[in-house]
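How does the following fold in three dimensions:
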Amino acid sequence: MFSNAIIPAIRTRSLAAAIAVMCLISVAAVSYAQDLIIPPPEGAAPPPTAGGAAAPPPTVGNIGDGSAAMPTVPPPKVAKRDEPRTDEPMDEMTEFFQRKVFAVPESRPGKTLTYFFKPPAPYQPKDKQYPLVIILHDEDGMAPAAQFLAQKAARKNFPAFIAVPVLPDGPIWAFPAKMDDKKLVANLKKEQALPDIVKLIPHLVQDNPLIDLNRVYVVGCGDGGFGVFGAAAKFPHIFAGGVPISGGWALREAPKLKNMPMFVMAGDSDKEVDPGLSQNLAFYIQQNGGRKIAFLSIPGMGHDCTNPYLYNNAVWSWLFKQHK
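Predicted structure coming up:
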């Protein structure tokens with residue numbers, strides 16, 4: 001069954017109010033989206049085929065059981081070139097997150113990554129493990145998904161550790177080796193920071209042993225959407241599921257993205273990133289054996305990472321059911 005879902009585009013600054021309304025229809029809409037892999041238009045590139053032996057996946061490293069107490073050390077200094085592009089990725093809700101600095105190992109001397117962190121609350125029971133949700137911000141450094149997860153109702157319904165890394169100006173999360181879209185080709189020359197996020201995960205687990213490594217999720221919009229597709233292509237053994245929004249990837253690499261469950265979303269009026277990238281990817285990933293892949297087109301929505309429908313309860317319910 002191939003057709004477009006009819007979902008009203010919500011444009012309001014009141015995130016909590018809009019989510020309350022949208023959740024009344026979200027469960028049915030997302031359930032419907034599970035079969036909504038829409039064929040690409042005629043003339044689109046043919047589905048790629050998997051060929052050649054895959055290289056062995058990189059490892060996260062020895063994380064340990066987290067039982068040993070961590071020594072108290074001062075945070076590393078942030079060099080000017082590593083200053084985050086924003087200090088408020090969640091707007092006024094940023095104050096409810098802990099601001100931390102991570103010294104990136106096996107990189108240039110003194111390289112740091114600023115991130116914002118929030119543990120679940122309350123811990124009940126205290127020995128229960130919780131998912132880790134990594135939010136990859138958009139091109140402006142904003143992470144609306146983290147704003148949703150930080151709300152009281154979401155913390156009760158979807159308790160999780162939340163990590164929001166913030167890149168300095170210049171680098172991006174991830175990008176394929178080849179990309180035919182002329183509007184995006186400039187990203188080929190930019191530094192990619194997704195490997196730094198992978199290095200951050202064992203650091204987070206060392207400090208927070210209740211993180212469930214079988215439920216590490218990645219969510220992102222815009223530039224962050226490309227980062228989620230990059231995670232599926234390069235680190236599916238680490239991430240249990242992802243939500244790429246208004247992103248894209250090279251169609252020829254669709255076979256590489258089949259092993260990480262993804263709920264893909266895009267606005268059909270996006271003028272910055274062609275929504276056909278997400279639609280075609282979802283279709284080709286499924287055609288190449290991806291079993292847990294869904295695509296949802298949102299009518300009337302442009303390149304709008306703040307649209308509250310993107311972060312409704314049904315999307316999180318789907319994500320939190322994924323595990324390795």
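
To what extent is the closest residue in space to residue 198 that isn't next to it in sequence buried, counted in neighbours?
Nearest-residue entry for residue 198: residue 235, 5.7 Å, with adjacent residues in sequence omitted and distances by C-beta to C-beta, 6 or more residues apart in numbering. All C-beta spots, glycine's among them, are computed from the backbone N, C-alpha and C. Close neighbours of residue 235, defined as other C-beta atoms under 10 Å, add up to 21.

what do you get for residue 227?
As a burial measure, the neighbour count of residue 227 was computed by other C-beta under 10 Å and equals 32.

need the helices for this protein, in chain order.
Per DSSP state H, the chain carries helices over the ranges 15-33, 144-149, 152-157, 194-207, 223-234, 275-287, 313-320.

How about the contacts made by residue 267?
Remark: with contacts taken as C-beta atoms under 8 Å, 6 or more residues apart in numbering, residue 267 is in contact with 9, 246, 275, 297-298, 300-304, 307.

Tell me, how many residues neighbour the closest residue to residue 256 other than its chain neighbours?
Counting by C-beta to C-beta, 6+ apart, the nearest residue to residue 256 once its immediate chain neighbours are dropped is residue 233, at 4.6 Å. When neighbours are defined as other C-beta under 10 Å, residue 233 has 22 of them.

Would you agree residue 233 is in contact with residue 252?
No: at 11.1 Å, residue 233 and residue 252 do not qualify as touching, with contact defined as C-beta atoms under 8 Å.

what residues are shared contacts of those two?
Where contact means C-beta under 8 Å, 6+ apart, no residue is in contact with each of residue 233 and residue 252.

So what pairs up with the most centrally placed residue in the chain in the strands?
The residue at the geometric middle of the chain, judged as the C-alpha nearest the mean C-alpha position with C-alpha atoms, centre = their mean, is residue 219 (2.0 Å). Note on residue 219: beta-bridge partners by DSSP bridges are residue 135, residue 243.

My guess is it contacts residue 320. True?
No: with contact defined as C-beta under 8 Å, residue 219 does not count as touching residue 320 (11.4 Å).

hang on, the earlier thing: can you tell me which of the contacts of residue 267 are in strands?
Among the contacts of residue 267, the subset assigned to strands under DSSP state E consists of 297-298.

For the contacts of residue 267, which single residue is the most surrounded?
Within those, most neighbours by other C-beta under 10 Å means residue 246, with 31 neighbours.

roughly how far apart are it and residue 179?
Here the criterion is C-beta to C-beta, to the nearest Å. By it, residue 246 lies 16 Å from residue 179.

What of residue 121?
Distance of residue 121 to residue 179, computed by C-beta to C-beta: 41 Å.

That's all I had, so thanks and see you.
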